[in-house]
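> Structure for this input, please:
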Amino acid sequence: MVSLLAVQEIASIPALLVARAEATPDGEALRSPAAQGWSSMSWSQVAATVRRAAAGLRDLGVTDEDRVSLLSATSSEWILADLAILTAGCATSTIYPSNTPDECAFIIDDSGSRVVVVENSEQLRKVLAVRSEIPDVLAVVVLDGPGDGDWVLSWDGLLERGDRWLSGRPDGIDHIIDGITPDRLASVIYTSGTTGRPKGVELVHDAWLYAATAAGRRRVLTADDVHFLWLPLSHAFGKVIEVVMVDSGVVSWVDGRVDRIVANLAEIRPTLMAGAPRIFEKAHNAVVSTVRQEGGVKLALFRWARDVATRVFRLQCEGRRVPLPLAAQHRVADALVLSKVRARFGGRIRAFVSGSAPLAPEIIEFFTAAGMPVLEGYGLTESSAGSCVNPPGAIVPGTVGPPLPGTEVRIAEDGEVLLRSRGVMRGYHGLPAETAAVLRDGWLHTGDIGELDDNGYLRITDRKKELIKTSGGKYVAPAVVESKIKAASPYVSQVVVHGDRRNYVTALITLDPDAIARWATGQDLPTDPEALAATDEVRRLVQEALDEVNAQLARHETVKRFALLGSELTVESGELTASLKVRRRVVERRHTAVLDTLYDGAIERL
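Okay, here's the model as predicted:
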């Protein structure tokens with residue numbers, strides 16, 4: 001199987017699906033969890049189901065560029081529903097399954113959605129609770145659940161309506177697909193909103209086709225991969241992976257249940273998996289904390305093997321020859337330690353792909369040196385997710401790689417990263433002033449601060465609006481400090497660095513519940529994270545990591561004091577966005593009293 005976009009001009013995502021089903025009708029497309037093992041669908045079956053569902057949507061009354069909201073966790077059904085919405089000539093407006101009823105109502109109403117597709121009865125209840133606020137919605141379709149004979153329709157009911165609609169039309173739905181031009185609206189994806197109300201990002205078919213083509217050229221996902229997909233498809237990162245799947249014809253095992261990731265890795269044994277940084281941080285912490293608990297010879301052997309592999313990796317990054325004695329040590333280290341680390345992730349990972357937020361260079365180095373390269377990438381919802389990515393075989397930890405083919409990157413005088421490509425959004429839905437503020441002279445102003453190295457690799461250093469300015473006039477990039485602290489200790493889960501207009505920098509820190517519980521068991525301490533956060537032993541453990549990090553920082557960047565929170569920051573508490581980014585201002589407001597204690601006795605200058 002080959003990339004279809006590499007060999008022919010295709011105008012839309014539905015046209016891409018038609019071409020894929022014609023090219024490899026019997027090729028396996030999707031595997032889904034079933035009562036007994038996994039069920040499978042071929043590309044011809046996917047295309048046929050999508051046509052029926054698209055016809056059902058037209059029968060409900062939608063028309064060209066109407067929006068259809070999709071409220072569901074990642075699953076094969078999510079992909080089928082999304083492709084059906086696009087094939088009906090409509091645009092998908094995605095909603096995270098963690099969104100509240102009020103947040104759902106806002107997105108449905110703001111996007112002007114005419115139909116809402118929901119995962120199950122739990123998500124249906126959210127929509128029913130706000131029915132009076134979304135009067136323009138014609139119907140709700142439930143992917144897994146019954147209809148009510150009125151406003152709510154089951155997935156099977158939608159397919160049956162599609163069959164009836166198609167029966168009276170000899171040309172089926174082909175004329176609709178043929179009429180979808182590259183500039184037709186395909187998606188309205190609402191930004192997570194670290195501050196204020198989310199904005200709907202309008203992306204056309206050509207933006208996604210460009211992103212898929214560029215990712216294919218960088219060999220992010222190939223037809224030969226065994227692909228495990230759990231990534232939230234409501235996010236732009238997940239969406240571009242979906243389009244690459246259709247383009248490449250790869251078989252994808254799809255299961256959005258986060259608590260099944262470890263078990264699925266062992267069962268599926270994938271060659272590629274994309275994920276948010278938090279997943280790789282937790283995986284790294286689990287490996288390191290387990291080895292620390294074992295101690296003795298095993299700990300010493302692990303450290304030796306890690307150091308040998310890291311030296312080899314760094315030489316390879318610099319394009320230098322690996323000395324024969326070091327190469328021999330590396331073979332021993334791989335046989336005794338590194339192969340066992342890879343086995344925890346299925347044993348045949350070709351690459352991980354990380355995006356949506358920064359990942360500590362130390363963690364990238366750890367996995368890559370162990371033989372599981374992490375391809376860190378960068379992009380915004382406003383740029384169809386894919387703008388830069390580290391290429392396989394040429395990874396530079398601490399960077400997000402060079403721009404993808406067809407993307408231009410420029411650094412403004414104030415350090416802001418500017419992007420230009422076919423993947424850039426049409427604009428914010430219904431917000432012309434906000435659109436004009438970020439799209440200027442053909443360039444997308446990202447709000448990120450960064451720099452390009454001599455090889456054209458982009459390094460993101462911080463958010464333009466999140467730089468801390470101490471009362472002494474010194475600037476601190478909190479994301480950099482936070483990343484270093486998380487990488488320094490397997491027991492640290494989340495870090496929020498604080499200090500704007502203060503006279504020194506402090507931090508709020510949460511503990512990784514699993515890692516700290518394993519450590520506490522060997523120390524004859526309680527395993528409850530909240531209780532552990534109050535102990536002197538854990539404070540000393542965290543302070544050791546801070547001392548290590550502070551030694552690497554400029555004096556004004558060092559974390560002078562910290563507080564341990566009793567529980568992790570969560571989406572439900574409003575402290576994290578749905579894509580797991582920290583809502584810094586929310587966290588600071590919620591923990592103002594704690595932060596103030598870190599500055600007791602300090603003289604502050606305003």
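
> which helix in the chain runs the most residues?
For the chain, the helix with the greatest residue count under DSSP state H is helix 296-317.

> Check the offset of stretch 577-589 from the chain's centre.
Once both centres are worked out by CA atoms, centre = their mean, to the nearest Å, stretch 577-589 turns out to sit 16 Å from its chain's centre.

> Name the residues of that stretch that come out as buried.
Across stretch 577-589, burial judged by 16 or more other CB atoms under 10 Å covers Thr577, Ala578, Ser579, Leu580, Lys581, Val582, Arg583, Arg584, Val586, Val587, Glu588. Just so you know, the C-beta spots here come from the backbone N, C-alpha and C atoms, and that holds for glycine as well.

> do the same with stretch 436-453
Val438, Leu439, Trp443, Leu444, His445, Thr446, Asp448, Ile449, Gly450, Leu452.

> before we move on, back to that, packing partners of the longest helix of the chain?
helix 277-294, helix 324-333, helix 361-369 (3 or more CB pairs under 8 Å, 6 or more residues apart in numbering; DSSP states H and E).

> Buried ones in it, by neighbour count?
Using 16+ other CB under 10 Å as the test for burial, helix 296-317 gives Phe302, Ala305, Arg306, Val308, Ala309, Thr310, Arg311, Val312, Phe313, Gln316.

> from the residues you listed, which two are the most distant?
Checked with CB to CB, the buried residues of helix 296-317 reach their widest spread between Phe302 and Gln316, with 21.1 Å between them.

> what sits up against stretch 211-221?
3, 5-6, 222, 227, 240-241, 243-248, 250, 272, 351, 353, 375, 377, 379, 384-386, 389, 391-392, 404-407, 423 (CB atoms under 8 Å, 6 or more residues apart in numbering).

> in that stretch, what's buried?
Across stretch 211-221, burial judged by 16+ other CB under 10 Å covers Ala211, Ala212, Thr213, Ala214, Ala215, Gly216, Arg218, Arg219, Val220, Leu221.

> Nearest to Tyr428, out of those: which one, please.
Distances from Tyr428 to the buried residues of stretch 211-221, taken as CB to CB, are shortest for Ala211 (18.7 Å).

> Quickly note the distance from the closest one to Thr94.
Here Ala211 is placed at a distance of 16 Å from Thr94 (CB to CB, to the nearest Å).

> Could you do Ala533 as well?
Ala533 is 36 Å from Thr94, where distance means CB to CB.

> Comparing the two, which shows the higher neighbour count?
Using other CB atoms under 10 Å as the criterion, Ala533 and Thr94 rank with Thr94 on top: 25 against 19.

> Is it possible to get the buried residues of stretch 577-589 out as TSV so that each row also shows pLDDT?
Formatted as TSV, those follow (pLDDT from 0 to 100):
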residue	pLDDT
Thr577	79
Ala578	74
Ser579	71
Leu580	77
Lys581	79
Val582	84
Arg583	84
Arg584	84
Val586	88
Val587	90
Glu588	88
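
> What is the nearest of the residues you listed to Asn285?
The nearest member of these to Asn285, counting by CB to CB, is Leu580 at 15.5 Å.

> looking at this, the closest one is in a helix?
No. Per DSSP: H, G, I helix; E, B strand; the rest coil, Leu580 lies outside any helix segment and is coil.

> List the contacts of it.
Listed by CB under 8 Å, 6+ apart, the contact set of Leu580 reads Ala276, Arg278, Ser356, Ala357, Val571.

> where does the nearest residue to Leu315 once chain neighbours are set aside fall, helix, sheet strand or coil?
Take Leu315 and drop its neighbours on the chain: the residue closest to it by CB to CB, 6 or more residues apart in numbering is Val322, 5.3 Å away. Under three-state DSSP, Val322 falls in the coil class.

> any idea how far Val322 lies from Ala105?
59 Å.

> returning to that earlier point: need the buried residues of helix 296-317 in TSV with pLDDT and distance to Asn99, can you?
Output for the buried residues of helix 296-317, formatted as TSV (pLDDT from 0 to 100; distance: CB to CB, whole Å):
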residue	pLDDT	distance to Asn99
Phe302	92	41
Ala305	92	44
Arg306	90	40
Val308	93	47
Ala309	92	42
Thr310	91	41
Arg311	92	46
Val312	91	45
Phe313	89	40
Gln316	86	44
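
> and of those, the nearest to Arg161?
Phe313 (55.8 Å).

> Report the spatially nearest residue to that closest one, omitting neighbours in sequence.
Phe313 sits nearest to Ala369 (CB to CB, 6+ apart), 4.3 Å away.

> Pretty sure the one you found sits against Val312.
Yes. Here Ala369 reaches Val312: they are 7.1 Å apart, a contact under CB atoms under 8 Å.

> In the stretch 51-200 of the chain, what residue spans correspond to strands?
Here the stretch 51-200 of the chain has its strands, by DSSP state E, counting those that start in this stretch, at 67-71, 91-95, 113-118, 139-142, 152-154, 185-190, 200-204.

> In its sheet, which strands sit next to the fifth one, and in what direction?
For strand 152-154, the paired strands and their directions (DSSP bridges) are strand 139-142 (parallel).

> Report the distance from the partner strand to the chain centre.
Taking CA atoms, centre = their mean, the mean C-alpha location of strand 139-142 is offset from the chain mean by 27 Å.

> Can you give the contact residues for it?
For strand 139-142, the external contacting residues (CB under 8 Å, 6+ apart) are 60, 81, 115-121, 124, 127-128, 151-155, 157-158.

> Also stretch 251-270?
Contacts with stretch 251-270, where a contact means CB under 8 Å, 6+ apart, come from 27-33, 38, 73-76, 78-79, 225-230, 232-233, 245, 273, 279, 344-349.

> Report the buried residues of that stretch.
Buried, per 16+ other CB under 10 Å, within stretch 251-270: Val251, Ser252, Trp253, Val254, Asp255, Gly256, Ile261, Asn264, Leu265, Ile268, Arg269, Pro270.

> The fourth one pairs with what?
Put plainly, it is Val254. Applying DSSP bridges, one finds that Val254 bridges with Leu229.

> ok, it to Val262 distance?
From Val254 to Val262 the distance is 17 Å (CB to CB).

> repeat for the last one
Pro270 sits 12 Å away from Val262 when distances are taken as CB to CB.

> Burial check on the residue nearest to Arg410 when sequence neighbours are not counted, number of neighbours?
Nearest residue to Arg410 in three dimensions, chain neighbours excluded: Leu418, at 4.5 Å (CB to CB, 6+ apart). As a burial measure, Leu418 scores 19 neighbours (other CB under 10 Å).

> one step back: neighbour-wise, which of Val322 and Ala105 wins?
Ala105 (19 against 15).

> Excluding chain neighbours, give the residue nearest to the more buried one in space.
Ranked by CB to CB, 6+ apart and with sequence neighbours excluded, the top spatial neighbour of Ala105 is Val130, at 3.8 Å.

> quick one: contacts of the longest strand belonging to the chain?
In the chain, ranked by residue count with DSSP state E as the criterion, the top strand is strand 443-452. Contacting residues not belonging to strand 443-452 are listed as 380, 382-383, 409-412, 415-420, 424-425, 437-439, 458-465, 467, 477 [CB under 8 Å, 6+ apart].

> Just to confirm, which residue in the chain is farthest away from the center?
For the chain, the residue at maximal distance from the C-alpha centroid (CA atoms, centre = their mean) is Gly168, at 42.5 Å.

> With adjacent residues omitted, what lies nearest to Ala129?
Counting by CB to CB, 6+ apart, the residue nearest Ala129 is Pro101, at 4.5 Å.

> List the contacts of that neighbour.
Lys126, Val127, Ala129, Val130.

> Out of the residues you listed, who's the most crowded?
Val127 (25 neighbours).

> follow-up on the earlier one: who does the longest strand of the chain pair up with?
Here strand 443-452 is paired, per DSSP bridges, with strand 416-420 (antiparallel), strand 439-440 (antiparallel), strand 458-463 (antiparallel).

> For PyMOL, write the select line for the buried members of the contacts of stretch 211-221.
In PyMOL, this line selects whichever of the contacts of stretch 211-221 come out buried by 16+ other CB under 10 Å:
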select buried, resi 3+5+222+227+240+241+243+244+245+246+247+248+250+272+351+353+375+377+379+384+385+386+389+391+404+407+423
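
> Nothing else from me, thank you.
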